[in-house]
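Enquirer: no sequence for this one, just the structure:
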Ligand code: CTP
Ligand code: CA
């Protein structure tokens, strides 16, 4: 909220934030990707650092400057993101999965560039599922009382889908925003509802991604385990 950076309420805490989007290679020159800019995750990292936290930012393919005072771990694929997030989460007080993680990856990585064959239609691309990092973090908390936060971009039935997703993932908070042609991706602003496992709903009005980030930390801070700084 408005008090934001004035309150060092994350002092002595380690928080992990994932940002950006994963890319799943098909051959040496092609990948399956998504349109996540990384701005929301970078804003979460910067605001947490401003509130006194030690911050690890696991960044997938974001073309943004490293936030000051933040430990940035660059990753490419969902499986690399899983490795980096689980490693950093081992001693973390909170983990926020703001990244757009590819649900699927090509079943086969072709080490040589895929070429056209004259007069032939292309082979279909077979996909397999990637690990669900948020579900895994939520189910196997690295520390008791670790706070786990997810993000969900929905195009319709935003609240109903968000509630169901919160329950399915098992996280403590889920930041739900509506996406569409001109909403959210690449933009500096965001509008959301933050759903909590305890049933509370916190609407966040349309505004800068830093303001949404501060509201997330406003909700995380009182949920952090007491006996741990
Ligand atoms: N997420 C993750 N690992 C995945 C997919 C998603 O950790 N393999 C995380 C995202 O970082 C986000 C949350 O899960 O915090 C919700 O992502 P979303 O794509 O909305 O959820 P899915 O379960 O993949 O559902 P959907 O079928 O709607 O894409
Ligand atoms: Ca997904």
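Expert: Yep, it's here. Note that this is a predicted model, so its numbers are computed, not measured. Ligands and ions are numbered 1, 2, ... in the order given.
Enquirer: now residue 74. Nearest residue, chain neighbours left out?
Expert: Closest residue to residue 74 apart from its sequence neighbours, by C-beta to C-beta, 6 or more residues apart in numbering: residue 59 at 5.3 Å. For the C-beta atoms, the positions are set from N, CA and C on the backbone; glycine is no exception.
Enquirer: any idea whether the one you found is helix, strand or coil?
Expert: Using DSSP: H, G, I helix; E, B strand; the rest coil, the structure places residue 59 in strand.
Enquirer: hang on, isn't it packed against residue 72?
Expert: Yes: applying C-beta atoms under 8 Å as the test, residue 59 and residue 72 come out as touching, 5.5 Å apart.
Enquirer: more neighbours: which of those two?
Expert: Neighbours were counted for residue 59 and for residue 72 using other C-beta atoms under 10 Å; residue 59 has more, 26 against 17.
Enquirer: beta partners for the more buried one?
Expert: Assessed by DSSP bridges, residue 59 has beta-bridge partners residue 19, residue 74.
Enquirer: which residues does it contact?
Expert: Shown in contact with residue 59 (C-beta atoms under 8 Å, 6 or more residues apart in numbering): 18, 19, 20, 38, 41, 42, 72, 73, 74, 75.
Enquirer: ok, 6 Å please
Expert: For residue 59, the contact set (C-beta atoms under 6 Å, 6 or more residues apart in numbering) comprises 19, 20, 72, 74.
Enquirer: can you put these in a markdown table and add pLDDT and distance to ligand 1?
Expert: Formatted as a markdown table, these follow (pLDDT from 0 to 100; distance: C-beta to the nearest ligand atom, whole Å):
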| residue | pLDDT | distance to ligand 1 |
| --- | --- | --- |
| 19 | 98 | 10 |
| 20 | 98 | 10 |
| 72 | 98 | 17 |
| 74 | 98 | 17 |
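Enquirer: could you export these as CSV, including distance to residue 223?
Expert: Shown next, in CSV, are those (distance: C-beta to C-beta, whole Å):
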residue, distance to residue 223
19, 21
20, 25
72, 25
74, 29
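Enquirer: just the buried residues of those.
Expert: For the contacts of residue 59, a burial check counting by 16 or more other C-beta atoms under 10 Å picks out 19, 20, 72.
Enquirer: pretty sure the first one sits against residue 38.
Expert: In other words, residue 19. Yes: counting by C-beta atoms under 6 Å, residue 38 is a contact partner of residue 19 at 4.5 Å.
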